[in-house]
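Student: Have a look at this prediction, sequence included:
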Amino acid sequence: MVVTKPSPATQKKVKERMKSGSTITPPSDKIFTGCWLLVKYYGKKSLKTFVGRILSEENGLFTVKYLLKSPLGENYTLPENEDVNEIESEQTIQIIYEPMFDIKRYYTFNILIFEFKC
């Protein structure tokens, strides 16, 4: 699969939408157990994005298991210590397709995650 980098104009639009309150947040009725998501967390000075999988949903809160970005590229792996947290639907950025999993225990997604980073 060939993945091309989005144009600077596209990257700018995505960043503006994320900063303005996430008009790309999927509706919570589209989020289901087992789906993969981009999740946002606001820090003191910046917005961070993470890749996670929905484990369960209860009372509008989603339990998410997160992946760790590989230092070797655009791949992700499970962290040594399981990283699980509850989020609200407003923290979701986008539902992403099921990743490819290789024999080296890396997950590869068919979306350029970096285009959602601010």
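Tutor: Thanks, I have it. Residues are numbered from 1 along each chain as shown.

Student: Return the set of buried residues in stretch 47-66.
Tutor: Buried positions in stretch 47-66, judged by neighbour count with 16 or more other CB atoms under 10 Å: 47, 49-54, 62-64, 66. For the C-beta atoms, the positions are set from N, CA and C on the backbone; glycine is no exception.

Student: can you list the weak-confidence ranges in this structure?
Tutor: 1-29, 111-118 (pLDDT under 70).

Student: thinking residue 110 is in contact with residue 36, fair?
Tutor: No. In this structure, residue 110 is not within contact of residue 36 by CB atoms under 8 Å, at 10.8 Å.

Student: Of the two, give the one with the bigger neighbour count.
Tutor: Using other CB atoms under 10 Å as the criterion, residue 110 and residue 36 rank with residue 36 on top: 20 against 11.

Student: The residue nearest to the more buried one when sequence neighbours are not counted: neighbouring residues, count only.
Tutor: Once flanking residues are discounted, residue 36 sits nearest to residue 96: 4.8 Å by CB to CB, 6 or more residues apart in numbering. Close neighbours of residue 96, defined as other CB under 10 Å, add up to 18.

Student: which residues in this protein form helices?
Tutor: 8-19 (DSSP state H).

Student: so where's the longest strand in it?
Tutor: strand 47-58 (DSSP state E).

Student: Can you pull the residues that touch both of residue 110 and residue 36?
Tutor: Contact with both residue 110 and residue 36 is made by residues 97, 99, according to CB atoms under 8 Å, 6 or more residues apart in numbering.

Student: does the residue nearest to residue 36 really touch residue 31, like I thought?
Tutor: No. Using CB under 8 Å, residue 96 makes no contact with residue 31, being 11.6 Å away.

Student: Next, show the common contact partners of these two.
Tutor: Shared contacts of residue 96 and residue 31 (CB under 8 Å, 6+ apart): residue 37.

Student: circling back to that earlier point, Serialize the buried residues of stretch 47-66 to a markdown table and add fields for distance to residue 90.
Tutor: What follows is the buried residues of stretch 47-66, written out as a markdown table (distance: CB to CB, whole Å):
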| residue | distance to residue 90 |
| --- | --- |
| 47 | 13 |
| 49 | 14 |
| 50 | 15 |
| 51 | 18 |
| 52 | 15 |
| 53 | 18 |
| 54 | 15 |
| 62 | 11 |
| 63 | 16 |
| 64 | 13 |
| 66 | 17 |
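
Student: Thanks a lot, catch you later.
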